[in-house]
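Visitor: Okay, predicted coordinates and the sequence, questions at the end:
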Amino acid sequence: MREENFSVMYDEEDDILSIYNSDNKSREFLEISDFISLGIDKNEGFSYLEIHDASNFFKSVNEKVNKEFLKDLKSAKLRESIFRGMFILAVILKSKGLRVEQSLPLMSKNELKGPLLQFIGSQ
């Protein structure tokens, strides 16, 4: 299991949350759903995560998460792990004294499309 700190940017008008590592450029981008995109860096780690309709996505887990909560974010953490062949990515947000952790939709190693994610999924 690996957990790292990331920078954040929230576009309130379009309700898009971008979580990124400004030190690592993305080498590959993958859409894992119609509202979630991932960026993979040259070291096969995550460098970027974009969530569309972010306030509703996080509100599905915690009703206190709204656009004001997301606007107040200063940083985020991403935790990645693999369990029984399933790749798991969790987003951890802190804002306004509240901590929210949300796992993204699971992907099996067989569903991972890009070559870098194929490599990550094989470990």
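Guide: Okay, I see it.
Visitor: Three-state assignment for residue 70, please.
Guide: Under DSSP: H, G, I helix; E, B strand; the rest coil, residue 70 falls in the helix class.
Visitor: Test my guess that it contacts residue 56.
Guide: No: using Cβ atoms under 8 Å, residue 70 is not in contact with residue 56; the gap is 10.9 Å. Quick note: C-beta positions are derived from backbone N, CA and C, even for glycine.
Visitor: centroid residue for the chain?
Guide: Computing the C-alpha centroid of the chain and ranking residues by Cα atoms, centre = their mean puts residue 49 first, at 4.4 Å.
Visitor: element containing that residue?
Guide: strand 46-52 (DSSP states H and E).
Visitor: Any chance you could list what contacts that strand?
Guide: Strand 46-52 is contacted from outside by 4, 6, 14-21, 24-27, 29, 35-41, 57, 78, 80, 89, 91, using Cβ atoms under 8 Å, 6 or more residues apart in numbering.
Visitor: Can you list the residue ranges for helices in this structure?
Guide: Taking DSSP state H, the helices of the chain run over residues 54-59, 67-71, 115-121.
Visitor: Let me see the mean pLDDT of the longest one.
Guide: Confidence over helix 115-121, taken as the mean pLDDT, stands at 50.
Visitor: do the same with stretch 49-61
Guide: Rounded mean pLDDT across stretch 49-61 is 92.
Visitor: In terms of packing, which of residue 70 and residue 56 has more residues around it?
Guide: Legend: neighbour count by other Cβ atoms under 10 Å for residue 70 and residue 56, higher for residue 70 (22 against 13).
Visitor: Give me the pLDDT value at the more buried one.
Guide: For residue 70, the model assigns a pLDDT of 96.
Visitor: In this structure residue 19 contacts residue 76, no?
Guide: Yes: judged on Cβ under 8 Å, residue 19 makes contact with residue 76 at a distance of 4.8 Å.
Visitor: Overlap of the contact sets of these two?
Guide: In contact with both residue 19 and residue 76: 6-8, 91, using Cβ under 8 Å, 6+ apart.
Visitor: Just the ones in strands from these, please.
Guide: Of the shared contacts of residue 19 and residue 76, the ones assigned to strands by DSSP state E are 6-8, 91.
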